[in-house]
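A.B. asks: build me a structure from this.
(one chain, ligands or ions: 1)
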Amino acid sequence: MADAASRLRSLAEQVLGTPLPVRVRAWDGSEAGPPDAPALVFHNRRALRRLLFKPGELGLARAWVSGDLDIDGDLYTALEAVAGLVWERGDDARTLAQAVRDPAVRAAARDLLKLAGPPLPPAPPREEIRRPRRRLHTRRTDRRAVSHHYDVGNDFYEIVLGPSMVYSCAYWEDGGTLESAQRDKLGLVCAKLGLKEGQRLLDVGCGWGSMAIHAAREHGVRVVGVTLSQEQAAHARKRVADEGLTDRVEIRVQDYRDVVDGPFDAVSSIGMAEHVGAARYLEYASRLYALLKPGGRLLNHQIARRPERDETAYEVDRFIDSYVFPDGELAPLGTTVTQLERAGFEVRDVEALREHYARTLRRWVVNLEADWDRAVRLAGFGRARVWRLYMAASALAFERNRIGVNQVLAVRTPESGASGLPPRPRTWHG
Ligand SMILES: C[S@@+](CC[C@H](N)C(=O)[O-])C[C@H]1O[C@@H](n2cnc3c(N)ncnc32)[C@H](O)[C@@H]1O
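C.D. replies: Predicted structure coming up:
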């Protein structure tokens, strides 16, 4: 009888309908597949049970989170090989789930599961979040979702993000470091907003305060930064105090919907609008519009998905939704632009930074791997594994143009039509 690894490979090929481009190592120590390729490691039978009898992304995700399933070798090559195979076939989780339900596949899997293996380690508790069926994005559900993602601890994020503590796509130049690229990104946002000394800036979704501090220090503006995360706010306030900027920067734990002390000259929203959701996007855009002075500018920096499917729907990835960003939703760029226009904005400039995000994510993965043991101590085994997988998979998704990220510059242009932008606005590129 063939060993477990060969049987696992042929089972996978039966489900996928194509040769498996990676090696497989099974719980009985057997290996099968191209010797130079990275290996999918099934540490025990539970990995297979999760994959086959709880199909779709979550079975895979649970097997990964628990450590039952692993990758030996280069993570990107393995993900590229496996995900690329599924993407190229245009499959989604549902198609695969159907293939898995095939009685012949099930019978082969049951046989395989009878093979003796090591005793199962205890399964770690599930970490995913339960949520209402409809994505309501109320203040309460948004606060809970944000806290799941951001209150993992500042120390953990310091490992991943490095000293700049910016959790969004950087703006890279050849030879730049993560720190210089993040500084350049913040500089780019300030230049697009045309910030001038004495103006008021609202930074919605201010994270650990990096944009607020940069804008106040480099451009002499007064800043209100709002976040839903207590931990972020505490960290941001300390940084503001260390920089001697308490007279110019105020950090609040506040929902953007509760900001009432406009008007502002400018609003920056960097990596925050992904949390807003389809149900609330027009409300989000309208509120920011109302908070701006006539002639005021919004710089909306947001991840987008490709619009192949339903143009109007916002897409949710089940793995990311359950383990990483609960209630995050991605919209195509066109939908975002339309909603901003509906709210009254004049959209003046769109810049795609897709490749920059791939590079940023790869850098974060390097940071995480370099301090892996401490990251596991701080965030827990499952969570550290989830972050590593989601960041690497996202880097590939940006590289493969499955998702993008865009800076949209929008103006609350007054009735007169005077936008306040120079005739050749793209001077920010020098
Ligand atoms: C990906 S982080 C980006 C942080 C920061 N802009 C940066 O680039 O480093 C998203 C931020 O949006 C905030 N956020 C999400 N929903 C929010 C809401 N409804 N009101 C205010 N902030 C919100 C989170 O608390 C977090 O600070």
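A.B. asks: for R23, give the beta-bridge partners.
C.D. replies: Note on R23: beta-bridge partners A39, judged by DSSP bridges.
A.B. asks: any idea how far it is from A61?
C.D. replies: Look at R23 and A61: by Cβ to Cβ, to the nearest Å, they are 21 Å apart. To be clear about C-beta, it is placed using only N, CA and C from the backbone, and glycine gets the same treatment.
A.B. asks: same check, this time on V152
C.D. replies: V152 sits 17 Å away from A61, taking Cβ to Cβ as the criterion.
A.B. asks: with neighbour numbers in mind, choose between the two.
C.D. replies: The neighbour comparison of V152 against A61 (other Cβ atoms under 10 Å) goes to A61, with 25 against 20.
A.B. asks: can I take it that the more buried one is in a helix?
C.D. replies: Yes. Checked against DSSP: H, G, I helix; E, B strand; the rest coil, A61 lies within a helix.
A.B. asks: separation between it and the ligand?
C.D. replies: A61 is 21 Å from the ligand, where distance means Cβ to the nearest ligand atom, to the nearest Å.
A.B. asks: helix or strand with the lowest mean pLDDT in this protein?
C.D. replies: Here the helix or strand of the chain ranked lowest by mean pLDDT, DSSP states H and E is helix 318-319, holding a mean of 64.
A.B. asks: a helix runs through H301, doesn't it?
C.D. replies: No. Assessed with three-state DSSP, H301 is strand; it does not lie in a helix.
A.B. asks: and the next element down the chain from the least confident helix or strand of the chain?
C.D. replies: Using DSSP states H and E, the helix or strand that follows helix 318-319 in sequence is helix 333-342.
A.B. asks: what does that next one contact?
C.D. replies: Identification of contacts with helix 333-342 by Cβ atoms under 8 Å, 6 or more residues apart in numbering yields 273, 281-282, 285, 298, 300, 302, 304, 307, 311-312, 314, 347, 350, 404, 406, 408, 410.
A.B. asks: buried ones only from those residues, please, as a ChimeraX command.
C.D. replies: This is how ChimeraX selects the buried members of the contacts of helix 333-342, with burial counted by 16 or more other Cβ atoms under 10 Å:
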select :273,281,285,298,300,302,304,314,347,404,406,408,410
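A.B. asks: quick check: residues of this protein near the ligand?
C.D. replies: 142, 146, 150, 166-168, 204-207, 210-211, 226-229, 232, 255-256, 270-272, 275 (Cβ under 6 Å from any ligand atom).
A.B. asks: now with 5 Å, please.
C.D. replies: Counting by Cβ under 5 Å from any ligand atom, the chain comes close to the ligand at 142, 146, 166-168, 205, 207, 226-229, 255-256, 270-272, 275.
A.B. asks: just the ones in strands from those, please.
C.D. replies: The strands, defined by DSSP state E, take in V226, T227, I270 from the residues of the chain next to the ligand.
A.B. asks: tell me who's in contact with the second one.
C.D. replies: What that stands for is T227. If you count contacts by Cβ under 8 Å, 6+ apart, T227 has them with V146, Y150, G205, C206, G207, A233, A236, I251, R252, V253, Q254.
A.B. asks: neighbours around A241, how many?
C.D. replies: Neighbourhood size, A241 [other Cβ under 10 Å]: 11.
A.B. asks: now the longest helix along the chain, how far from the chain's geometric center?
C.D. replies: Looking across the chain with DSSP state H, the single longest helix is helix 381-399. Here the centre of helix 381-399 is set off from its chain's centre by 9 Å, with Cα atoms, centre = their mean, to the nearest Å.
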